[in-house]
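Undergrad: sequence plus predicted model, see below.
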There are 2 protein chains.
Amino acid sequence: MIERRRASRSPLPVTVPGCLDRVRIVLVQPQTAGNIGATARAMKTMGLTRLVLVAPEAEPASAEARARAHGAEEVLDAAAIVPDLDAAVGEAHLLVGTTNRRRGRVLPDPTPAREAAAQIAAVAQTHEVAVLFGKEDAGLSTRELSRCQICATIPAARELPSLNLSHAVQVMAYEIFLAARGQVPRPAPDLANAAELAALYDRITRLMIAAGFEPHEEDPETFLVSLRRTLGRAALEKRDVRTLHCVLATLEGLKG
Amino acid sequence: MIERRRASRSPLPVTVPGCLDRVRIVLVQPQTAGNIGATARAMKTMGLTRLVLVAPEAEPASAEARARAHGAEEVLDAAAIVPDLDAAVGEAHLLVGTTNRRRGRVLPDPTPAREAAAQIAAVAQTHEVAVLFGKEDAGLSTRELSRCQICATIPAARELPSLNLSHAVQVMAYEIFLAARGQVPRPAPDLANAAELAALYDRITRLMIAAGFEPHEEDPETFLVSLRRTLGRAALEKRDVRTLHCVLATLEGLKG
């Protein structure tokens, strides 16, 4: 009931899974205002709204940050600014650190982003999750990563450069959003049925023959098979069939 | 043994699938230099290096663009600047348009990014692919999208804002990179290229008009868009195009 009432108030259907409210994005000592703003926007596109900034080295209220937030200013305005990591993650149950390092001597093996997102979405059904991103030039430290139950990494070409901070947030947020939505069925196309297709092919064939087309003697079906192969692969919808009938009706008029 | 020796020769093992060389990223009239630079970086992190700019409204050689490219300056420097979409996609076999629109009246249903990436990686095993991104404030036009065999969309929260341009490129590039890594080579269909398709549509249109077809006054492109949607989804092979030309040649004879 509550969900429905909320939805009816808004012209935009709420499609954001509720568990995303339990996921916070933590930027540790971000160094550029543009990245802070762009992170807010990247988050909001994927239904995430809780941004925490640990001892930011750039000004989240700057014009540059607001410009890059572009539509997600309220995420930026609501960002919590805290002095240290403890304050950022205190009551979270799952800490996920992001890194582009290979396996280290002491750290856990990095988990690919998609797999990490599945775990984040699962835990967020019931518990608080914090996803940590390090500063632009150095990433999270070994000490910071060692506090995390999961070290997540975004598969990427092994050559330089690394992903920009806000772009890394975008990819993680995208994976978390997809994982949280789970398998949501999408609207099926209104496919034409076999009888409608047969009628269409018949009409094309009749028109072709009326136009003087002579089927191949040894294999009169060749043309029709080619046509079915071509149009069949298109998985024609009812509206596509109507389009083609419109074409045919016009062309049949040529006979008159 | 071999793996170890290879690793020792190069500090950066090449892990980029070769098919990514056949994927170009096309920005149509990008409006901000920062996004052009950030796109170059986003591409390179995912092994993509071919950037094409169609009539850019911002300066790709500006300091802002170079700063945001940060490590991918050579992708930026090598970007092709072309006057129109034809020049950008001419010899490509698969055109993929990105959009955040819902299903339209005439356009194909958008394909989720992950599914589109799988198709891109499959085709790129043997053929050229162009992935198109529209300008920041308006995206690709209906006319531009109608030229694409696939309309791809990044699943996102339905509320504003939309993804920033370079962030959208990052997500698509990430999905393409993952799909390419997982791709098993398979025999490629002999796909028609963009120029062959354009010639086919032209011929159909000319025939329709010769037959008395009157385009919708308010929206003369509607018919062509519908037709492209229908045939575009079929991923027409060269032999399919020959079949359709055979149909057209026969029907053109009706005029005599």
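TA: Structure's in. What do you need? Residues are numbered from 1 along each chain as shown, chains lettered A, B, ... in the order given.
Undergrad: quick one, strands of the stretch 1-150 of chain A?
TA: Counting by DSSP state E, counting those that start in this stretch, the stretch 1-150 of chain A has these strands, from start to end: A:23-28, A:50-54, A:80-82, A:94-98, A:111-112, A:129-133, A:150-153.
Undergrad: do the fifth one and chain B meet at all?
TA: No: applying Cβ under 8 Å from any Cβ of the partner chain, one finds strand A:111-112 separated from chain B by no less than 8.8 Å. To be clear about C-beta, it is placed using only N, CA and C from the backbone, and glycine gets the same treatment.
Undergrad: that strand packs against which elements?
TA: Packing partners of strand A:111-112 (3 or more Cβ pairs under 8 Å, 6 or more residues apart in numbering or on different chains; DSSP states H and E): strand A:150-153.
Undergrad: continuing past the strand it packs on, what's the next helix or strand?
TA: Heading C-terminal from strand A:150-153, the first helix or strand you meet, by DSSP states H and E, is helix A:165-181.
Undergrad: so who does the residue of the stretch 101-250 of chain A found nearest chain B touch?
TA: As assessed by Cβ to the nearest Cβ, chain B sits closest to A:Pro161 within the stretch 101-250 of chain A, at 2.6 Å. Applying Cβ atoms under 8 Å, 6 or more residues apart in numbering or on different chains to A:Pro161 gives the contacts B:Arg41, B:Lys44, B:Thr45, B:His70, B:Gly71, B:Ala72.
Undergrad: from these, keep the buried residues only.
TA: B:Arg41, B:Lys44, B:Thr45, B:His70, B:Ala72 (16 or more other Cβ atoms under 10 Å in any protein chain shown).
Undergrad: could I get these as JSON lines with pLDDT?
TA: Output for these, formatted as JSON lines (pLDDT from 0 to 100):
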{"residue": "B:Arg41", "pLDDT": "97"}
{"residue": "B:Lys44", "pLDDT": "96"}
{"residue": "B:Thr45", "pLDDT": "96"}
{"residue": "B:His70", "pLDDT": "94"}
{"residue": "B:Ala72", "pLDDT": "96"}
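Undergrad: with distance to B:Ala130 as extra columns, can I get those residues in JSON lines?
TA: Shown next, in JSON lines, are those (distance: Cβ to Cβ, whole Å):
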{"residue": "B:Arg41", "distance to B:Ala130": "20"}
{"residue": "B:Lys44", "distance to B:Ala130": "18"}
{"residue": "B:Thr45", "distance to B:Ala130": "20"}
{"residue": "B:His70", "distance to B:Ala130": "25"}
{"residue": "B:Ala72", "distance to B:Ala130": "19"}
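Undergrad: ok, the residue nearest to A:Glu57 when sequence neighbours are not counted - contacts?
TA: Closest residue in space to A:Glu57, ignoring its immediate chain neighbours: A:Gln31 at 4.8 Å, by Cβ to Cβ, 6 or more residues apart in numbering or on different chains. Residues in contact with A:Gln31 (Cβ under 8 Å, 6+ apart) are A:Glu57, A:Ala58, A:Lys135, A:Glu136, A:Asp137.
Undergrad: okay if I get the strands of the stretch 1-150 of chain A as CSV plus mean pLDDT and mean neighbour count?
TA: Below are the strands of the stretch 1-150 of chain A laid out as CSV (pLDDT from 0 to 100; neighbours: other Cβ atoms under 10 Å in any protein chain shown):
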stretch, mean pLDDT, mean neighbour count
strand A:23-28, 98, 25
strand A:50-54, 98, 22
strand A:80-82, 97, 15
strand A:94-98, 93, 25
strand A:111-112, 92, 14
strand A:129-133, 97, 26
strand A:150-153, 92, 22
